[in-house]
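Enquirer: Task: produce atomic coordinates for the following.
(chains A and B)
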There are 2 protein chains.
Amino acid sequence: MNPATATPAEARALFRTTEVPTTAGFSPGYAQANLIALDKRYAFDFLLFAQRNPKPCPLLGVLEAGETTSELFAGGDIRTDIPSYRIFREGTLVEEVADARDYWTPTTVSFLIGCSFTFEQALVDAHIPVAHIEQGRNVPMYVTNIPCTPAGVFSGAMVVSMRPIPASQVADAVRVTSRYPAVHGAPVHVGDPAAIGIGDLAAPDFGDAVDIAPGTIPVFWACGVTPQSVVMHSAPDLAICHSPGRMLVTDVRDSFYQVP
Amino acid sequence: MNPATATPAEARALFRTTEVPTTAGFSPGYAQANLIALDKRYAFDFLLFAQRNPKPCPLLGVLEAGETTSELFAGGDIRTDIPSYRIFREGTLVEEVADARDYWTPTTVSFLIGCSFTFEQALVDAHIPVAHIEQGRNVPMYVTNIPCTPAGVFSGAMVVSMRPIPASQVADAVRVTSRYPAVHGAPVHVGDPAAIGIGDLAAPDFGDAVDIAPGTIPVFWACGVTPQSVVMHSAPDLAICHSPGRMLVTDVRDSFYQVP
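Expert: Predicted structure coming up:
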């Protein structure tokens, strides 16, 4: 299968039987989603956390207890259509599996969260260089001192991703990404890393450090790692997440999430 | 007190002791919010309904069980700061009260929903005539055949408000209101009322009919009556709502809700 020409349904069918190293590059132009699945007793608190923290936790959809598919990925199965799942018990990673059906129960609620792949494509389309893509690395991510707005049992610090942007294009990067609130939206911080509690850009908490070219300014976006980090911190008995870089490929065009 | 110069805090303090006929005109430039308060056993379903139906049910904030204030109306009390409340039991209006403290319990969750006052001001500022304002009437509202996306126990048809817009300004009206997704956003329908199940524009289901000038096109926006109508249809044992036209005056500037 050629990832660049696979339909989302073809990509999901492949992932049901084949564990690819990343879903990046599959079905370009279609939104990919992060997964957090929790028992329904945590569902109101998590949904409220997402409502209160739309930048780190932009919700694309929710599968209610008992549901395993939705119109976001027609004919799919949330328990099998992601290439790899991480199983957390009491906040600790205990297993990585290709098929998560054994972990689903009739009271599991699944949250699909927007992914920065969508806005990165918009940056590239606007001729704004994206350093980690150009350097063939994962985006660098950092835990900040910016508190999320708590909701029920969930609270914690925001995790951000950083992209060094040429000074003359910072305004364009803000403008372009602000049109995609469903996938983290506008930056949360521009400039001095120390102001948001980041000690050393060369030592990210997740992902890879990138080379920062002269004349660029570090620009920070709220990151989808935040909800996972916040949920694990409160240690629910069971949480089922996608494995990093291996997401749900949806049927929704990136452009659907653009606001005026 | 001059409504036009009252701060939101002053307006709320007035409403604690004085039952005004409408909050329209108070603290112009600040967003007003509709209220639906429900027991927490309905809270996940209602929050999910809002997430799935952001046009009729744009959430500005949620007060968790036990909370009676929030940063949206600093120092206020959701149980007293609205001029008048409607109490519904099993979906039936049983009482209208100026002070709702007797109805609040430690498990009441309060949902604050965006109100079209905000986008109507944006229309006026863009020199787009708003017929019901010019004619001194309430906006006409209609039950449609457009189904909301169900969530848990909540399902039902969308209610829309209608504003006749000069044909040359329909595009501007779409552009202006699409920038305010937190207060119903872009129209859901332009033109033929019959196409969305409306038989007679002169006979609205709620509000007042307006005179429709030649050369105008009826434009329909999702309406905040929808969530109230959907909730009442499922007849929760107790629901506490604002009385029509008497809303919560928040500390949030209308302009805060504008997207690019």
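Enquirer: list the contacts for residue A:116?
Expert: Contact analysis of residue A:116 by CB atoms under 8 Å, 6 or more residues apart in numbering or on different chains lists A:139, A:161, A:183, A:184, A:221, A:223, A:224. In short, each C-beta sits where N, CA and C put it, glycine included.
Enquirer: Correction: the previous question concerned residue A:209.
Expert: Residues near residue A:209 by CB under 8 Å, 6+ apart: A:137, A:140, A:201, A:202, A:203.
Enquirer: Using JSON lines, lay out those together with secondary structure, pLDDT and distance to residue A:8.
Expert: JSON lines is the format used below for the contacts of residue A:209 (DSSP: H, G, I helix; E, B strand; the rest coil; pLDDT from 0 to 100; distance: CB to CB, whole Å):
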{"residue": "A:137", "secondary structure": "coil", "pLDDT": "89", "distance to residue A:8": "26"}
{"residue": "A:140", "secondary structure": "coil", "pLDDT": "94", "distance to residue A:8": "28"}
{"residue": "A:201", "secondary structure": "coil", "pLDDT": "97", "distance to residue A:8": "35"}
{"residue": "A:202", "secondary structure": "coil", "pLDDT": "97", "distance to residue A:8": "37"}
{"residue": "A:203", "secondary structure": "coil", "pLDDT": "97", "distance to residue A:8": "36"}
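Enquirer: are any of those buried, and which?
Expert: Among these, those buried by neighbour count (16 or more other CB atoms under 10 Å in any protein chain shown) are residue A:140.
Enquirer: nearest to chain B, of the contacts of residue A:209?
Expert: Comparing the contacts of residue A:209 against chain B with CB to the nearest CB places residue A:140 closest, at 26.2 Å.
Enquirer: Count the residues that sit near the spatially closest residue to that closest one that is not a sequence neighbour.
Expert: Leaving aside its sequence neighbours, residue A:140 sits nearest to residue A:204 (CB to CB, 6 or more residues apart in numbering or on different chains; 3.7 Å). Residues lying near residue A:204 (other CB atoms under 10 Å in any protein chain shown) number 20.
Enquirer: Can you name the helix or strand that residue A:204 falls in?
Expert: Using DSSP states H and E, residue A:204 maps to neither a helix nor a strand.
Enquirer: how near is it to chain B?
Expert: Distance of residue A:204 to chain B, computed by CB to the nearest CB, to the nearest Å: 29 Å.
Enquirer: One more: residue A:152?
Expert: 7 Å.
Enquirer: Run through the residues that contact that residue.
Expert: Residue A:152 touches A:44, A:45, A:46, A:48, A:49, B:64, counting by CB under 8 Å, 6+ apart.
Enquirer: and stretch A:206-225, average pLDDT?
Expert: In this model, stretch A:206-225 carries a mean pLDDT of 95.
Enquirer: Then stretch A:46-64?
Expert: pLDDT averaged over stretch A:46-64 gives 96.
Enquirer: Just name the closest of the contacts of residue A:152 to residue B:260, please.
Expert: residue A:49 (25.0 Å; CB to CB).
Enquirer: and the residue nearest to the closest one when sequence neighbours are not counted, what pLDDT?
Expert: Of all residues not flanking residue A:49 in the chain, residue A:151 sits nearest, at 3.9 Å (CB to CB, 6+ apart). With respect to pLDDT, residue A:151 has a value of 96.
Enquirer: Likewise for residue A:1?
Expert: 86.
Enquirer: Could I get the pLDDT score of the closest residue to it other than its chain neighbours?
Expert: Once flanking residues are discounted, residue A:1 sits nearest to residue A:14: 5.6 Å by CB to CB, 6+ apart. Residue A:14 carries a pLDDT value of 96.
Enquirer: would residue A:14 count as being in a strand?
Expert: No: if the criterion is DSSP: H, G, I helix; E, B strand; the rest coil, then residue A:14 is helix and not within a strand.
Enquirer: Quickly note the distance from it to chain B.
Expert: Counting by CB to the nearest CB, the gap from residue A:14 to chain B is 29 Å.
Enquirer: just to revisit the earlier point, the residue nearest to residue A:49 contacts residue A:42, correct?
Expert: No: using CB atoms under 8 Å, residue A:151 is not in contact with residue A:42, being 10.7 Å away.
Enquirer: what's the closest non-adjacent residue to residue A:241?
Expert: residue A:86 (4.8 Å).
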